[in-house]
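Undergrad: Here is a sequence together with a model predicted from it:
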Amino acid sequence: MGEIVVKIPDEIEKYLTPALRRRIELEAIKEIEERIQKASRFIKLAEKSELSQEEAEKLAEELKQDLAKRYGVG
């Protein structure tokens, strides 16, 4: 199993109680698990896709551009 390390800046860490540190840890685990589940569902859908590699790349690029516009990044 892989390992993920979260580094907390010293200026923030000094304010964390053990209970708060545990709560942050649990929230991070929950978020990571949810993202892994979403990625897993996406992979399963992609495996069933009948798009060609070229069509999939074009669609991915369009989505990337749309997201960049939406969030003001591009």
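TA: Yes, it's here.

Undergrad: buried ones in the helix ranked longest in the chain?
TA: Among the segments of the chain that qualify as a helix by DSSP state H, the longest is helix 18-48. For helix 18-48, a neighbour-count test (16 or more other Cβ atoms under 10 Å) marks nothing as buried. Just so you know, the C-beta spots here come from the backbone N, C-alpha and C atoms, and that holds for glycine as well.

Undergrad: and the angle for the helix or strand following that helix with helix 18-48?
TA: The first helix or strand that comes after helix 18-48 along the chain, using DSSP states H and E, is helix 53-70. An angle of 140 degrees separates the directions of helix 53-70 and helix 18-48 when computed by axes from the mean of the first three to the mean of the last three Cα atoms, to 10 degrees.

Undergrad: Provide the contact partners of helix 53-70 at residue level.
TA: Ala46, Ser49, Leu51, Val73, Gly74 (Cβ atoms under 8 Å, 6 or more residues apart in numbering).

Undergrad: Among those, list the two that are farthest apart in space.
TA: Farthest apart among those by Cβ to Cβ are Ser49 and Val73. That separation is 26.5 Å.

Undergrad: Please point out which parts of stretch 66-74 sit buried.
TA: Using 16+ other Cβ under 10 Å as the test for burial, stretch 66-74 gives no buried residues.

Undergrad: mean confidence for it?
TA: Along stretch 66-74, the predicted local confidence has a mean pLDDT of 82.

Undergrad: And for stretch 37-48?
TA: For stretch 37-48, the mean per-residue pLDDT is 87.

Undergrad: same thing with stretch 17-28?
TA: Here stretch 17-28 scores 93 as its mean pLDDT.

Undergrad: Render the CA-only coordinates of it in CSV, please.
TA: Coordinates of each C-alpha in stretch 17-28 appear next as CSV, following Å, rounded to 0.1, in the frame of the first residue of the first chain:
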residue,chain,number,x,y,z
THR,A,17,-3.9,19.7,19.7
PRO,A,18,-3.7,16.0,19.4
ALA,A,19,-7.5,15.9,18.9
LEU,A,20,-7.4,18.5,16.2
ARG,A,21,-4.4,16.7,14.5
ARG,A,22,-6.4,13.5,14.5
ARG,A,23,-9.5,15.2,13.1
ILE,A,24,-7.4,16.7,10.2
GLU,A,25,-5.9,13.3,9.6
LEU,A,26,-9.4,11.7,9.4
GLU,A,27,-10.7,14.4,7.0
ALA,A,28,-7.6,14.0,4.8
